[in-house]
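S.K.: I need the structure of the sequence given here:
(chains A and B)
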Amino acid sequence: MKFDTPAATNPIDQLKVVGKATDRIDGPLKTTGTAPYAYERHDVVAGQAYGHILGAAIAKGRITAMDVSAAKAAPGVLAVVTADNAGALGKGHWNTAKLLGGPEIQHYHQAVAVVVAETFEQARAAAALIRVEYKEERGAFDLAAARDGAVEAKDNPDTGAGDFAGAFADAPVRLDATYSTPDQGHAMMEPHATIAAWNGDKLTLWTANQMINWGVKDVAQTLNMPEENIRLISPYIGGGFGGKLFVRSDALMAALGARAAGRPVKVALTRPQMFNNTTHRPATIQRIRIGATPDGKITAFGHESWSGDLPGGKPETAVQQTRLLYAGANRLTAMRLAVLDLPEGNAMRAPGEAPGLMALEIAMDEMAEKLGMDPIQFRILNDTQVDPEHPDRPFSQRQLVECLRQGADRFGWTRRNPKPASVREGRWLVGMGVAAGYRNNLLTKSAARVRLDGQGGVTVETDMTDIGTGTYTIIAQTAAEMLGVPLDRVAVRLGDSRFPVSCGSGGQWGANNSTAGVYAACMKLRQAVARKLGFNAAEPTFADGKVASGGHAVPLAQAAKDGELVAEDMIEYGDLDKKYQQSTFAGHFVEVAVDGATGEIRLRRMLAVCAAGRILNPKSARSQVIGAMTMGAGAALMEELAVDKRRGFFVNHDLAGYEVPVHADIPHQEVVFLDEVDPISSPMKAKGVGELGICGVGAAVANAVHNATGVRVRDYPITLDKLLHHLPEIA
Amino acid sequence: MRPFTYERATSPADAATKAAAIPGARFIAGGTNLLDLMKLQIETPAHLIDVNGLGLDRIEETGEGGLRIGALVRNTDLAADARVRRHYGVLTRALVAGASGQLRNVATTAGNLLQRTRCPYFYDTNQPCNKRQPGSGCSAMGGVTRQLGILGTSDACIATHPSDMAVAMRVLDATVETVRPDGATRAIPIAELHRLPGDTPHLETTLERGELITAVTLPKPIGGTHLYHKVRDRASYAFALISVAAIVRRDGGGRVALGGVAPRPWRVEAAEAQMPKGAKAVAAGLLAGARPTPDNAFKIRLAERTLAAVLAEARA
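M.R.: The predicted structure follows:
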């Protein structure tokens, strides 16, 4: 199905199932511990052995000697695979560094060996017996130091409009400030894990991967084998946040280990390996310049960002939202990429916007302060309904102003004292902050297959994944709505490369595109059902398990009485995303209390008002947004992969060292979804929302801390040591 | 984890005898620290002697009006004990500020005292560490040190002791009771349990080979207001950046100790004499000789301010 004109009224608009707050259909499996995650697929193949990965002990250099003899001789060991005996390997399209290092080492904890043994403990103990000698080379590990050597990255040209330099120089009110965000880890609950089994030249991987089709292609490319000989199965994923968009070393080393051992092999990364072996959100340095008239109209907007990655890597696109969020005739954005020899930088929840807004929305707060304006009024005054770089492109929907206004009302913004450091409750300094949330809505083709059986049961099959987001449920809701059956008559099967290729989970594109693909397949099935039941004339209705037209109603099941009816289709998009800018918006509000003695920052309340198209399942959408707000709070207050700039690795590589928020950090969250349908986005009229929730939260926290204390922290995370010298004397 | 043998001891003296006799033997109680370290091969015991089930899990009143806490009393049980809550409030407050509910349910009193540092370089076996591998060097110095020590450290090691409980016990003047391999017992003032690193940071306590902690005794209650303030980046389940344990009498005198700053709970009795003069004077004595890194120099000001806030709270 080609979607190239705005959606008209369609069966989804009935909203009998879609749009209703619905419990997860996979909830019972999750709460009873019976959802089969990759590492626990004991049932799928007999004789599983265990693999344990050895990571490189240096950040950059070469292996000069490797002695695996003690490991090979250790109890229970079946095989040891290194670059020496792995055979010729390619590199996946989505990987920057090789997944198996040696002799060249590209980053710390890059896998250099996998040991396969009868038990996990044997494999782990034997891996520790491998002796590796390295020749260490000097590397670049410090973004600030590498900044001056950074260059324009390919595919990421500077953008702009008008004359930024001239307009900024002439602006009566100016801000020129530099911000930084640190490297961050996904820190999802489930580690990267895979079971690999060979059957002749065919390979099956039970794994944890957000993008099944990308995964098949990259496994094929890495192992130099045809895609049709590879099957990826990933029906349940314990969190990904972008860390599982790509095939990682668990999958490759399980496949290599299984080939060498002649047995199925399972491999999971240990927690301390995850932070340096896999990908992370890269650190940024961002310079923002805003020029405005004294009454607050922005005339010049400049945003430059520096980030680093391994050779061949990509920049963190932190200026992305600044091209689209506020008006201003004279504009400039630029990204510069430095070579760093730290582990591979890549996507983490809302790549680009999450760190970009952490800086941009402090800058907006600072500018409002300079202008003596309320920060909400300042944002409203500079709202735009068109792409500021290309004013002929309108937004398909844009309710940022409404998000901010409604949020202000609900949050009690009028109670905020605009004078910083003026509200004290006992030992606590109290403040409120606001930030705009913004994340683009991305369109990607997505296919599904729908089956109708003789009992009227419906089964949806697609290689779409559910990374904890609630995909199972919204797909079931979509099929139930389209075919007029109750939710419990729909079975959903996901995450198998034998199913039609979907959009996968990432970039908050999963919900809208995958359900639109299911919509397309259901439309096709409806036609097949109508034909089968002889409804040739008018389009029949599908409701209450029946198909009806012109006073004539037949049970849906009857269409499959002679055998299953199967329909498959794909949603494909025209150029509506070129004609219209499709984005999602939020107003984030935060109240913090800062201990006047210690500088400890504790959140009190958070509110997000979101405008993100039709909300398919308000319950799971709310879960996504509060989870993202929590992650945003972590980014604001504690999350930082601490770089050892001499040795080139993330030092705090476990969950004791890399702190993420715990329950005590998040006392109260509220989420409001504005009524919105976006017929430009898809037949579902929905957009993404799972990443919108993190976008802007960090700055809202930072702005609240400023309001509470008068201290403007521009370098995340905002830890107490950055406040301590500015807090009032203790009586 | 390297393969190891395991046995259950039959008595405290039996455990101590065996620990001294068997090379590479270690005691195991709750295992919340040791097992993690074994998985990472930071600890590689050849033999584990399980001291659970030796009857060391009771809290009894002593003839002197204090409490005798068995070495195997779980942190949760100790924090919840009515006598502890009533008379040794600083101890309950410190305990519940530590770890998580799940860990406190398993972690023991002696194990808490003997837990090892959380220095991230100690935890990464690719990095030199004088504590892990004597003589290999300290990779923390010059690296990421925000969490590390400012007092009592040496050129060989800047690690801290991570316990909250021990800081409270230090202001309570607790005594550690042990049994030695020959069956003899002794009592070690808690101030003398943990060594400073000097040039031998791998030697962390004054316990002898095989010596087993059997109990910690608290002297008769001294009254006063008991406070424990733990400062950290997140609200729960994090090690202290710094902490302050305080017992403050009505006249303004009392005791204070710091956690999170040194290889052992940090108490300077001479500094306490300044308490009636105010927090600044006490802090000056407590923090004298501090050797911070650029990353953790904030701990000095943080300790001064937290101490001031705690003493102010005690007065209020």
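S.K.: and residue 294, what pLDDT?
M.R.: Just going to use chain A. On the pLDDT scale, residue A:294 is placed at 98.
S.K.: oops, chain B please
M.R.: 97.
S.K.: check which helix or strand covers it.
M.R.: Per DSSP states H and E: residue B:294 is located in neither a helix nor a strand.
S.K.: which single residue of the stretch 301-450 of chain A approaches chain B most closely?
M.R.: Of all residues in the stretch 301-450 of chain A, residue A:427 sits closest to chain B, at 6.9 Å by CB to the nearest CB. Glycine gets a C-beta too; all of them are placed from N, C-alpha and C.
S.K.: show me the contacts for that residue.
M.R.: Applying CB atoms under 8 Å, 6 or more residues apart in numbering or on different chains to residue A:427 gives the contacts A:595-597, B:309.
S.K.: give me the residue from the stretch 1-150 of chain A nearest chain B.
M.R.: residue A:57 (3.8 Å).
S.K.: just the buried positions in whatever helix or strand residue A:547 lives in, please.
M.R.: Using DSSP H and E, residue A:547 sits within strand A:546-549. Residues of strand A:546-549 classed as buried by neighbour count (16 or more other CB atoms under 10 Å in any protein chain shown): A:546-547, A:549.
S.K.: which SS class is residue A:144?
M.R.: Three-state call for residue A:144 (DSSP: H, G, I helix; E, B strand; the rest coil): helix.
S.K.: which pLDDT value goes with it?
M.R.: Taking residue A:144 on its own, its pLDDT is 98.
S.K.: right, and it touches residue A:307 too?
M.R.: No. Taking contacts as CB atoms under 8 Å, residue A:144 lies outside contact range of residue A:307: 11.6 Å.
S.K.: what do these two both touch?
M.R.: Common contact partners of residue A:144 and residue A:307 (CB under 8 Å, 6+ apart): residue A:285.
S.K.: looking at those two, which is more packed in?
M.R.: residue A:307 (30 against 13; other CB atoms under 10 Å in any protein chain shown).
S.K.: quick check: nearest residue in space to that one, chain neighbours excluded?
M.R.: Sequence neighbours aside, residue A:316 is the residue nearest to residue A:307 in space, at 4.1 Å (criterion: CB to CB, 6 or more residues apart in numbering or on different chains).
S.K.: now swap in residue B:8 and tell me
M.R.: Distances taken as CB to CB, 6+ apart put residue B:50 closest to residue B:8, at 4.6 Å, once the chain neighbours are dropped.
S.K.: the one you found bridge partners, please.
M.R.: Note on residue B:50: beta-bridge partners residue B:8, residue B:28, judged by DSSP bridges.
S.K.: need the contact list for it.
M.R.: So residue B:50 contacts B:6-9, B:27-29 (CB under 8 Å, 6+ apart).
S.K.: buried among those? Need that as a selection in ChimeraX.
M.R.: Here is the ChimeraX command that selects only those of the contacts of residue B:50 that count as buried (16+ other CB under 10 Å):
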select /B:9,27,28,29
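S.K.: among the contacts of residue B:50, which pair sits farthest apart?
M.R.: The largest separation in the contacts of residue B:50, counting by CB to CB, is between B:7 and B:29 at 14.2 Å.
S.K.: tabulate the buried residues of strand A:546-549 (CSV), appending distance to chain B and pLDDT.
M.R.: Formatted as CSV, the buried residues of strand A:546-549 follow (distance: CB to the nearest CB, whole Å; pLDDT from 0 to 100):
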residue, distance to chain B, pLDDT
A:546, 53, 97
A:547, 54, 97
A:549, 60, 91
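S.K.: so which bits of the host helix or strand of residue A:364 are buried?
M.R.: Using DSSP H and E, residue A:364 sits in helix A:353-371. Judged by neighbour count using 16+ other CB under 10 Å, the buried positions of helix A:353-371 are A:353-369, A:371.
S.K.: show me where the stretch 451-600 of chain A has helices.
M.R.: A:471-483, A:510-533, A:576-579 (DSSP state H, counting those that start in this stretch).
S.K.: so which residues make contact with the shortest one?
M.R.: The set of residues that contact helix A:576-579 without belonging to it, under CB under 8 Å, 6+ apart, is A:3-6, A:393, A:396, A:441-443, A:582, A:680-681.
S.K.: contacts for stretch A:256-267 next, please.
M.R.: Here stretch A:256-267 has contacts from A:39, A:45-53, A:78-81, A:85-86, A:100, A:114, A:116, A:193-198, A:250-251, A:253-254, using CB under 8 Å, 6+ apart.
S.K.: same thing but at 6 Å, please
M.R.: Residues from elsewhere that reach stretch A:256-267 (CB atoms under 6 Å, 6 or more residues apart in numbering or on different chains): A:45, A:47-51, A:78-79, A:81, A:86, A:114, A:116, A:194-198, A:250, A:253-254.
S.K.: filter the residues you listed to the buried ones?
M.R.: Buried by 16+ other CB under 10 Å: A:45, A:48-51, A:78-79, A:81, A:86, A:114, A:116, A:194-198, A:250, A:253-254, out of those.
S.K.: among those, which lie within helices?
M.R.: A:250, A:253-254 (DSSP state H).
S.K.: for chain B, state which of those residues is nearest.
M.R.: Distances from chain B to those, taken by CB to the nearest CB, are shortest for residue A:250, at 17.9 Å.
S.K.: please report how far that closest one lies from residue A:303.
M.R.: The spacing between residue A:250 and residue A:303, counted by CB to CB, to the nearest Å, is 37 Å.
S.K.: and if you look at residue A:406?
M.R.: Computed as CB to CB, the residue A:406 to residue A:303 distance reads 27 Å.
S.K.: same question for residue A:246.
M.R.: 28 Å.
S.K.: hang on, the earlier thing: which other residues reach the helix holding residue A:364?
M.R.: With CB under 6 Å, 6+ apart, helix A:353-371 has contacts from A:173, A:175, A:177, A:179, A:181, A:284, A:286, A:288, A:290, A:296, A:318, A:320-322, A:375, A:378, A:435, A:439, A:694-696, A:698-699, A:702-703.
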